[in-house]
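Asks: 3D model of this:
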Amino acid sequence: MTQPRHFLDFDGIDAATLRATIDRARTLKGRNGAAPLVGKTLAAIFESPSTRTRVSFEVAMDELGGKTITMTAADMQLGRGETIEDTARVLSRYVDAIALRTRSHETLLALADGASVPVINALSDRSHPCQLVADVMTYEEYRGPIEGRTVAWLGDGNNMAATWVQTAAHCGFSLRLACPAAYPPPREIVAWAKERGADIEVGTDVASAVTGADCVVTDTWVSLHDDPARKGNVSFEPFRVDEAVMAMAAPDAIFMHCLPAKRGCEVTDAVLDGPQSVVLDEAANRVPAQKAILLWCLEGG
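Replies: Residues are numbered from 1 along each chain as shown. A predicted model of the protein is given here:
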């Protein structure tokens, strides 16, 4: 039996595939005529709340001619103790693909291992690859090829930071991360990227990361899977993106955030709503990004 094409993490997807997916997302933007996924059904499972990921998958599937069944874990027998492997086997008899937003990357891997249809990582505590397809697409819409450019990440070395690290290895941009000493990006992911020639610097100094950068990126300081009380013991305030921080970047630098944003925490209103911010286009590009991912999984290219 042919193995399904899972979209789980960039360490399992080569650079050519990622580039082709980003480029296809751009060609799919605003094109709603064709319906190549008529008769196809996506099961979208959300263990945690979602706005952009949930809606963008539903819209993308609908515009491609398919259908989406959206569920939370509480809606399913998972909430009553059924194993993820059994859930995968059963859903594979009903639907053509499964998207999972989960607190545990191990749950995602177990689902993919048990499924005979493609499984898509709609966010895990390790990574968020769907978001980065949209992010690179957005950067290139504004500033051209991201290869050879410099991206600065400020704040928590979380799943989004880890996915930027992976993406740097595939897309050829320099990545400078400034994170609290207690919350760097995962060492094994940084090591994986550097082994593939990625230009990555990890430190704690904001100015070193941001000076001359073409793109400044941040995320919430407390993610869905975090313990707010534990994180509250660490000061993230030096990593807030404000107008002074953006002034250190390149004059035409853009600001990105996957949203939702905690205004006044990781980013000020002046930056989030300012002329350098591309966050709304970044969010809108989740739809063509999901289309490209779905087609890669379901059509084989």
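Asks: buried ones in stretch 153-160?
Replies: 153-160 (16 or more other CB atoms under 10 Å). Quick note: C-beta positions are derived from backbone N, CA and C, even for glycine.
Asks: what's the neighbour count on the closest residue to T17 other than its chain neighbours?
Replies: Nearest residue to T17, sequence neighbours excluded (CB to CB, 6 or more residues apart in numbering): W296, at 7.4 Å. Neighbour count of W296, defined by other CB atoms under 10 Å: 22.
Asks: now do A112
Replies: 22.
Asks: so where do the strands sit in the stretch 151-300 of the chain?
Replies: Ranges of strands in the stretch 151-300 of the chain, per DSSP state E, counting those that start in this stretch, are 174-178, 200-203, 215-218, 254-257.
Asks: looking only at pLDDT, what's the mean for the second one?
Replies: When you say that, I think you mean strand 200-203. The average pLDDT for strand 200-203 rounds to 98.
Asks: name the helices or strands packed onto that strand?
Replies: strand 174-178, helix 187-195, helix 206-210 (3 or more CB pairs under 8 Å, 6 or more residues apart in numbering; DSSP states H and E).
Asks: And for the longest one?
Replies: Under the contact definition 3+ CB pairs under 8 Å, 6+ apart, strand 174-178 sits against strand 150-154, helix 159-171, strand 200-203, helix 206-210.
Asks: Nearest approach to D11 belongs to which of the ones you listed?
Replies: D11 lies closest to helix 159-171 among those, at 6.0 Å (CB to CB).
Asks: between the closest one and strand 150-154, how many degrees?
Replies: On the basis of axes from the mean of the first three to the mean of the last three CA atoms, to 10 degrees, helix 159-171 is oriented at 170 degrees to strand 150-154.
Asks: which of the buried residues of stretch 153-160 lies closest to I146?
Replies: Using CB to CB, W153 comes nearest to I146 of these, at 13.9 Å.
Asks: contacting residues for that closest one?
Replies: Residues near W153 by CB atoms under 8 Å, 6 or more residues apart in numbering: 161, 164, 175-179, 209, 217-218.
Asks: Check C297 too.
Replies: Going by CB under 8 Å, 6+ apart, C297 touches 4-7, 97, 118, 120.
Asks: Which of the residues you listed fall in helices?
Replies: Among the contacts of C297, no member is found in helices (DSSP state H).
Asks: Per-residue pLDDT of H225, please?
Replies: pLDDT recorded at H225 is 62.
Asks: let me redo that: R31
Replies: pLDDT for R31: 74.
Asks: do the same with N233
Replies: pLDDT, read off for N233, is 66.
Asks: With R230 instead?
Replies: Note on R230: pLDDT of 61.
Asks: Repeat that for S48.
Replies: 85.
Asks: cool, and A73?
Replies: 76.
Asks: that older thread, now render the helices and strands packed on strand 174-178 as a markdown table, adding distance to T72.
Replies: Shown next, in a markdown table, are the helices and strands packed on strand 174-178 (distance: least, CB to CB, whole Å):
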| stretch | distance to T72 |
| --- | --- |
| strand 150-154 | 30 |
| helix 159-171 | 20 |
| strand 200-203 | 35 |
| helix 206-210 | 37 |
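Asks: Out of those, flag the one nearest S50.
Replies: helix 159-171 (13.9 Å).
Asks: Restricted to strands, list the contacts of C297.
Replies: Counted as lying in strands by DSSP state E, out of the contacts of C297, are 97, 120.
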